[in-house]
Every structure is written in C-alpha cells, then in structure tokens.
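Asks: heads up, no residue letters with this:
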C-alpha cells in the first residue's frame, strides 16, 4: 500500500486527474487531457508499476505496412512500447517500472514519454483506428 500511496502522490503532484481509484487492487486511472492522456491505467503489482493506455483498436483489415510502422516505432520510444492487449484486439502503450526505487523523475519521464509518443505517432494511430 505504501507504493500505491507514493505513486498516487506523484500523480497528484504532477497535476494528473484521478478518474478512478481502487486502493484495494492498487489501481489508478489517470487523465491529463492537455497531454493527450485520457485513461492511463496505473497498477502497482508485485513490486512493479505497470502503466497502460489504449492507443488504437486493432483493425480487422490492417495492412502489413501499418503493423510494420508500429513495430518500428517501438525502437524509437524512450519509455514504454506498443503492444497488444490480452484479447489481441487493442493496441496499447505499456511501460513497466520497478517500484522499490521509483522516484518522481522516473514516473514523470514515463508520463512525458507517453504524451510524446501519442503526439509523434498520432497519424499512425489514427490510421489504424480508421482501418476498421
């Protein structure tokens, strides 16, 4: 619970809006509309901070070129990567950090990286969503 409170404090210090909180499950859902962050899921689980944000719905008729660009984008990201959700139907941005030594700079770096990722790859993510 101490890690959850620490992460929640970081989020509040950064001015992120808490949309939903489940302290028993140690999950926060955060928003920062000015940064393009609508529903960032933060999960403090077994020593790890897992961050996930939906990037696009997986297109039924997506092209190999679109998926190739998405995978190549992973190579350029400072924090996190694009991945598929458990159902294989949604592209998510995901980052994992160690809770034991997490500090504000590292947490903020991941938040900033998410905002930059969405700004940089906006056109690709829109094209994926529109392919449905």
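Replies: Arrived safely, thanks for sending. Just so it is clear, the model here is predicted, and its values are computed rather than measured.
Asks: was I right about residue 3 contacting residue 43?
Replies: No. Counting by C-beta atoms under 8 Å, no contact exists between residue 3 and residue 43, whose distance comes to 10.9 Å. Quick note: C-beta positions are derived from backbone N, CA and C, even for glycine.
Asks: what is in contact with those two at once?
Replies: With contacts defined as C-beta atoms under 8 Å, 6 or more residues apart in numbering, the residues shared by residue 3 and residue 43 are 26, 49.
Asks: Which one's more surrounded, those two?
Replies: Each of residue 3 and residue 43 had its neighbours counted (other C-beta atoms under 10 Å), and the higher figure belongs to residue 43 (19 against 16).
Asks: can you tell me which helix or strand that one belongs to?
Replies: Secondary-structure element containing residue 43, defined by DSSP states H and E: strand 37-45.
Asks: my guess is residue 92 is in a strand, correct?
Replies: Yes. Secondary structure assignment (DSSP: H, G, I helix; E, B strand; the rest coil) places residue 92 inside a strand.
Asks: ok, the closest residue to it other than its chain neighbours to residue 68 distance?
Replies: Nearest-residue entry for residue 92: residue 52, 5.0 Å, with adjacent residues in sequence omitted and distances by C-beta to C-beta, 6 or more residues apart in numbering. Applying C-beta to C-beta, to the nearest Å, one obtains 23 Å for the distance of residue 52 from residue 68.
Asks: So for those two, which sits in the more crowded spot?
Replies: Between residue 52 and residue 68, counted using other C-beta under 10 Å, the more crowded position is residue 52 (20 against 10).
Asks: surely the more buried one meets residue 91?
Replies: No. Taking contacts as C-beta under 8 Å, residue 52 lies outside contact range of residue 91: 10.9 Å.
Asks: quick check, residue 74 in a helix?
Replies: Yes. Note on residue 74: a helix contains this position according to three-state DSSP.
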